[in-house]
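Undergrad: Sequence first, predicted coordinates after that:
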Amino acid sequence: MKNIIENFYFGNINPQASAVGNNAENKKALQRLTRLEKQLTETIDESCKNDFFHFVKTMDEAMSESNLDSFIVGFRLGARLTYDTFCGNEFPELTG
């Protein structure tokens, strides 16, 4: 049996697969976005549509970078917590 690091390396673990998407609130929000996008694109001219689609693409790129940064920060924080749990030498005072 492979360990978690090997599974992660070979792509058998995908943290984003279950991060979003199965959430009922997220599904509703995505449905609203789809409906609103359709309404908007049906009511604006071609020039505005091009501007809108360029805006959406740029926003997607920015959000992807932000999500990557959040993943890296979270991963590092988890590693630090794990390290401190097993290797830290400070213990809280027990009172009671």
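TA: Received it, and whenever you're ready, just let me know what you need.
Undergrad: how much space between Asp45 and Phe55?
TA: Noted for Asp45: a distance of 15 Å to Phe55, by Cβ to Cβ, to the nearest Å. Using the backbone N, CA and C atoms, a C-beta is placed for each residue, glycine as well.
Undergrad: ok, now how distant is Glu46 from Phe52?
TA: The value you get for Glu46 to Phe52, if Cβ to Cβ is used, is 10 Å.
Undergrad: How about Leu33?
TA: Taking Cβ to Cβ, one finds Leu33 at 13 Å from Phe52.
Undergrad: Does the spatially most central residue of the chain lie in a helix or a strand, and which?
TA: The chain has Asn67 as the residue nearest its centroid, 4.8 Å off, counting by Cα atoms, centre = their mean. Using DSSP states H and E, Asn67 maps to helix 46-87.
Undergrad: hmm, back to that, of Glu46 and Phe52, which one has the most company?
TA: Phe52 (14 against 7; other Cβ atoms under 10 Å).
Undergrad: ok, that one - contacts?
TA: Leu40, Thr41, Ile44 (Cβ atoms under 8 Å, 6 or more residues apart in numbering).
Undergrad: Flag the shaky bits of the protein, pLDDT-wise.
TA: Flagging of the chain using pLDDT under 70 yields the residue ranges 1-2, 16-22, 91-96.
Undergrad: what's the spacing between the helix or strand harbouring Ile5 and its chain's center?
TA: Ile5 is part of helix 4-9 when elements are defined by DSSP H and E. Distance, stretch centre to chain centre, for helix 4-9: 20 Å (Cα atoms, centre = their mean, to the nearest Å).
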